[in-house]
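Colleague: Just the structure for this:
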Amino acid sequence: MTRLLGVDLGTRRIGLAVGETGRPARALAVLARGSVEHDAAALAALAAEQRAVGLVVGLPRNLDGSEGAMAAGARAWGEAIGARLGLPVTFRDERLTSVAAEAAMPRPRRGRSGGPPSRSALQQRRSRVDREAARLILQAELDARAIAEATS
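Modeller: Residues are numbered from 1 along each chain as shown. Modelled structure (predicted):
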């Protein structure tokens, strides 16, 4: 079995998931995004802890399938992280994964006084969305690999 880390790369946070071929992916953690060196150090520790042998990085394509500046940034980041960790990196189309993750969650609860949710409640929700988006990205890759193995 191949154990992989799924990555939902954002401008402020990195959502992470872990999974193996033949098993469902599970949401894992959210890291604060920093420099490439900071991100690589954090991911190296996590990859070692989880015994991951590769990374699946979400590629934010445009709705028409083309790659824009965000996709180019994700590719550059993924290649730099892969080189620093010595792990292979696979890129997986992540169009609308955050939207799907958000839609699968219940609406945020109101604050104590009946007003909008607190800042901390919103941050926790964003972290859950990032983890779930990473899980969806990784699950799509695991499913594609399972299909490829079954047909070969």
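Colleague: Dig out what the nearest residue in space to residue 82 that is not next to it in sequence forms beta bridges with.
Modeller: Computed as C-beta to C-beta, 6 or more residues apart in numbering, the closest residue to residue 82 that is not its neighbour in sequence is residue 89, at 3.7 Å. C-beta: built from backbone N, CA, C; applies to glycine. Counting by DSSP bridges, residue 89 is bridged to residue 55.
Colleague: Touching, residue 89 and residue 78? I think so.
Modeller: Yes: counting by C-beta atoms under 8 Å, residue 89 touches residue 78, with 4.6 Å between them.
Colleague: so what sits against both of these two?
Modeller: 55, 57 (C-beta atoms under 8 Å, 6 or more residues apart in numbering).
Colleague: So which helix or strand of this protein has the lowest pLDDT on average?
Modeller: Ranking every helix and strand in the chain by mean pLDDT, DSSP states H and E puts helix 97-104 at the bottom, with a mean of 68.
Colleague: residue contacts, residue 27?
Modeller: 15, 16, 17, 128, 131, 132, 134, 135.
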